[in-house]
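>>> when you get a sec, could you give me coordinates for this:
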Amino acid sequence: MLEKAAPVRRDFDRMDQIPEMVFRILQMFNFLIILYITLLSCHALWGYVHEGTALDFLLLAGRVPPLNWVIPVSGLLFLGCLEILLSVECNNHPELVSKLILEFLVVIAISYVTGFGYTGMVVLLLADIMRYTIDWQKRAMYILAVSVFSLMMNGNVLQRWMHVIPIDVVWSYYRADHVARLLGTLNIMNMINIYVFIFYMVILVLAQMSEKERILALNNELKRANTKLEEYASESARLAETRERNRLAREIHDTLGHSLTGIITGIEACIMLMDIAPEATKEQLRAIADVARTGINDVRHSVKALHADALESMELEDALQKLIDSTIRSTGVKISMRITTDLSHFNQDEDDVIYRVVQESITNAIRHGKASEIYITIDRRDGDLHIIISDNGVGCDSVTEGFGLHHMKERLEMLGGHMEYTGNAGFTIHALIPIRWGNEN
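Okay, the predicted model is just below:
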C-alpha cells in the first residue's frame with residue numbers, strides 16, 4: 001500500500017500543511033508559465049497573419065503551425081489533465097507506475113504545444129512522487145525514470161523527432177531585443193520554479209523528520225503509558241486479591257462461625273442432658289450433626305464464590321426460616337421472626353446480605369450475648385428494608401466492633417445501606433437496605 005505522508009504536529013505547528021501549500025504554489029506557478037508562453041505564441045501567430053508576414057514565418061519555421069487560438073486552449077487543457085493526475089492518489093506501485101506514464105505523456109503534449117520552450121513541469125512529477133511514503137529503492141527508481149525523461153525533454157531528442165517549431169522562432173515576430181527580454185523572463189521563471197521545488201523538498205524533508213520525531217515521542221509516551229498500565233493492572237490484581245480474600249473471610253466467618261456456635265452451644269446442652277435425658281441428648285446430637293453438615297456445604301460454596309447454600313435451593317424467606325429452625329434445634333434458643341413485606345423481588349447479592357446479617361446477628365447473640373431469646377423483624381418503610389434483631393442477652397455498655405460486625409457493615413455499604421447497634425438491655429442491631437425494586441407491593 002502507498003500512502004501520502006502523514007500529518008505532522010509539533011508544538012502546535014501544522015507542518016503537514018506547509019509542503020502541501022508549497023506544492024500548490026508550484027502548480028500555480030507552472031500554470032502561469034504555460035499561460036505566459038501560450039498567450040505570447042498566440043499573439044505572435046496572430047501578428048504574422050494580420051501583418052502579412054505569414055509566408056516569411058513559414059519559410060523560417062519549415063512547417064505550418066496550428067491555429068493561433070489552438071495553442072493556449074490546448075496548453076491549458078493538457079495542463080488541466082496534468083492537475084487531475086497530480087491529485088489522484090495511488091494505493092499500490094502498479095497504479096503509481098501507470099499514473100507516472102500518463103503524466104509523462106501529458107507533459108510531452110504540453111511541451112509540444114509550447115514548442116519545448118519550457119520543460120519545468122518535470123519537477124511537478126518529481127514533487128508528486130516525493131509525497132508518497134515508499135521505500136528508498138522504489139523511490140530511487142522513480143527519481144531515475146523522471147531524470148531520464150527530463151534529459152530527453154531538454155536534449156532536443158523529442159523536439160527533433162516531433163518536428164516542433166522552437167519557441168524562439170515563433171517569437172521572432174517581436175523585435176530582437178523584445179525576444180531577448182521575453183526569453184530572459186522565461187528563464188527567470190524557470191529558475192524560480194526550480195527554487196520553489198528545492199524549497200518544497202527541504203520543507204518535505206523537515207516535515208518527515210518531524211513526523212519521525214513525533215512518532216518516536218508517541219512511542220515513548222506509549223511505553224510510559226504501558227508501564228503505568230502494567231503497574232495499575234498489578235495494583236488492581238492486588239486489590240482484587242485483597243477484596244476476594246476479605247470476601248472469603250466474611251463468607252467463612254458467617255458460615256463456619258455460625259455453624260460452630262450452634263455446635264458448641266448444642267454440645268454444652270448435651271453435656272448437661274447426657275445423664276438425665278439420654279434420648280433428648282441423642283436428638284440434640286442429631287440436630288448438631290445437621291448443623292455441621294450445613295456448615296460444611298456453606299463453606300464449600302463460599303470457597304466457590306457462591307452464595308449461601310440454603311439460597312441455592314429455596315427463596316430467601318424459606319432460607320431464613322430454615323436457618324432459624326436449625327438453630328433452635330441445635331441450641332435450644334428461642335427465636336421468633338416477623339416479616340411484613342415481600343422478600344421475593346431481591347437480587348442475589350441482596351439475598352446474600354439479608355441472609356448473612358440475620359445469620360451473623362443470631363451467631364453473635366448466642367456466642368457473645370448468651371441470649372436465650374432472639375427477636376427478628378423485617379419490614380419495609382419509605383422504600384427501605386429494615387432488619388431489626390434484638391436479644392435478651394447480657395449486652396454491653398461499650399461495643400467493640402469485631403470481625404462479624406465489621407463485615408456486616410461492609411456488606412450493607414456495598415448495597416448503599418448502613419447499620420446501627422446498641423448494647424443496652426441485651427443487644428439490638430438495626431440494618432437498613434435501600435430497595436431496588438421501587439414502589440412494588
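
>>> C-alpha only now, for contacts and for neighbours.
Noted.

>>> let me see the domain layout of this structure.
10-174, 238-434 (automatic domain parsing).

>>> out of those, flag the one nearest Arg181.
When the domains of the chain are compared by CA to CA, domain 10-174 sits nearest Arg181, at 10.4 Å.

>>> doesn't Ser344 make contact with Leu316?
Yes. Between Leu316 and Ser344 a contact is recorded at 7.0 Å, counting by CA atoms under 8 Å.

>>> looking at those two, which is more packed in?
Taking other CA atoms under 10 Å, Leu316 and Ser344 do not tie; Leu316 has more neighbours (23 against 10).

>>> thinking again about what came up before, among the domains of the chain, which is nearest Leu183?
Closest approach to Leu183 among the domains of the chain is made by domain 10-174 (7.8 Å; CA to CA).

>>> distance from the chain centre to the closest one, please.
How far domain 10-174 lies from its chain's middle: 47 Å, per CA atoms, centre = their mean, to the nearest Å.

>>> tell me where the model's unsure across the chain.
1-16, 155-160, 237, 240-241, 244-259, 295-312, 437-441 (pLDDT under 70).

>>> longest helix of it, counting residues only.
The longest helix of the chain (DSSP state H) is helix 176-273.

>>> returning to what we had before: let's have the domains of the chain in JSON lines, adding distance to Asn219.
Below are the domains of the chain laid out as JSON lines (distance: least, CA to CA, whole Å):
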{"stretch": "domain 10-174", "distance to Asn219": "15"}
{"stretch": "domain 238-434", "distance to Asn219": "28"}
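
>>> just the CA trace of stretch 345-363, in PDB.
The C-alpha coordinates for stretch 345-363 follow below in PDB (Å, rounded to 0.1, in the frame of the first residue of the first chain):
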ATOM      1  CA  HIS A 345     -38.000  -9.400  44.400                       C
ATOM      2  CA  PHE A 346     -34.400  -9.100  45.600                       C
ATOM      3  CA  ASN A 347     -31.300  -9.800  43.600                       C
ATOM      4  CA  GLN A 348     -28.800 -12.500  44.600                       C
ATOM      5  CA  ASP A 349     -26.400 -10.000  46.200                       C
ATOM      6  CA  GLU A 350     -29.300  -8.600  48.300                       C
ATOM      7  CA  ASP A 351     -30.500 -12.000  49.300                       C
ATOM      8  CA  ASP A 352     -26.900 -12.800  50.500                       C
ATOM      9  CA  VAL A 353     -26.600  -9.700  52.500                       C
ATOM     10  CA  ILE A 354     -30.000 -10.100  54.200                       C
ATOM     11  CA  TYR A 355     -29.300 -13.700  55.000                       C
ATOM     12  CA  ARG A 356     -25.800 -13.000  56.300                       C
ATOM     13  CA  VAL A 357     -27.000 -10.100  58.500                       C
ATOM     14  CA  VAL A 358     -29.600 -12.300  60.200                       C
ATOM     15  CA  GLN A 359     -27.200 -15.200  60.400                       C
ATOM     16  CA  GLU A 360     -24.400 -13.200  62.000                       C
ATOM     17  CA  SER A 361     -26.700 -11.400  64.400                       C
ATOM     18  CA  ILE A 362     -28.100 -14.800  65.600                       C
ATOM     19  CA  THR A 363     -24.500 -16.100  66.000                       C
END
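
>>> what residues does the host helix or strand of Pro72 touch?
Following DSSP states H and E, the helix or strand that holds Pro72 is helix 70-87. For helix 70-87, the surrounding residues in contact (CA atoms under 8 Å, 6 or more residues apart in numbering) are 27, 31, 34-35, 38-39, 41-42, 99, 102-103, 106-107, 109-110, 113-114, 125, 128.

>>> re the thing from before, list the helices and strands the longest helix of the chain packs on?
strand 9-10, helix 17-50, helix 122-130, helix 278-303, helix 316-331, helix 348-367, helix 403-414 (3 or more CA pairs under 8 Å, 6 or more residues apart in numbering; DSSP states H and E).

>>> tell me which of the ones you listed sits most buried.
Compared across the helices and strands packed on helix 176-273, helix 348-367 shows the largest average neighbour count, a mean of 21 (mean count of other CA atoms under 10 Å).

>>> what helices and strands are in contact with the following helix or strand past it?
Heading C-terminal from helix 348-367, the first helix or strand you meet, by DSSP H and E, is strand 373-381. On a contact count with 3+ CA pairs under 8 Å, 6+ apart, strand 373-381 meets strand 334-339, helix 348-367, strand 384-391.

>>> quick check: angle from the longest one to helix 176-273?
For helix 348-367 and helix 176-273, the angle between their directions (axes from the mean of the first three to the mean of the last three CA atoms, to 10 degrees) works out to 30 degrees.

>>> helices or strands up against helix 348-367?
Counting by 3+ CA pairs under 8 Å, 6+ apart, the packing neighbours recorded for helix 348-367 are helix 176-273, helix 316-331, strand 373-381, strand 384-391, helix 403-414.

>>> got the contact list for the fourth one?
If I follow you right, that is strand 384-391. With CA under 8 Å, 6+ apart, strand 384-391 has contacts from 358, 361-362, 365, 369, 371-380, 426-435.

>>> list buried residues within those.
Among the contacts of strand 384-391, the ones that count as buried by 16 or more other CA atoms under 10 Å are 358, 361-362, 365, 369, 371, 373-378, 380, 426-435.

>>> count the residues that sit near the closest residue to Ser172 other than its chain neighbours.
Excluding the flanking residues, the one nearest Ser172 by CA to CA, 6 or more residues apart in numbering is Val179, at 6.8 Å. Val179 has 17 neighbours, counted by other CA under 10 Å.

>>> same check on Thr400?
Neighbouring residues of Thr400 were enumerated by other CA under 10 Å; the total is 9.

>>> SS state for it?
The three-state label given to Thr400 by DSSP: H, G, I helix; E, B strand; the rest coil is coil.

>>> where does it fall, phi/psi-wise?
Note on Thr400: its backbone torsions stand at phi -100, psi 120 [degrees, to the nearest 10].

>>> and the gap between it and Gly423?
Counting by CA to CA, to the nearest Å, the gap from Thr400 to Gly423 is 10 Å.

>>> again, but for Thr340
From Thr340 to Gly423 the distance is 25 Å (CA to CA).

>>> again, but for Ser326
To Gly423, Ser326 is 26 Å away according to CA to CA.

>>> do Gln284 as well
30 Å.

>>> now do Arg381
Distance from Arg381 to Gly423, by CA to CA: 24 Å.
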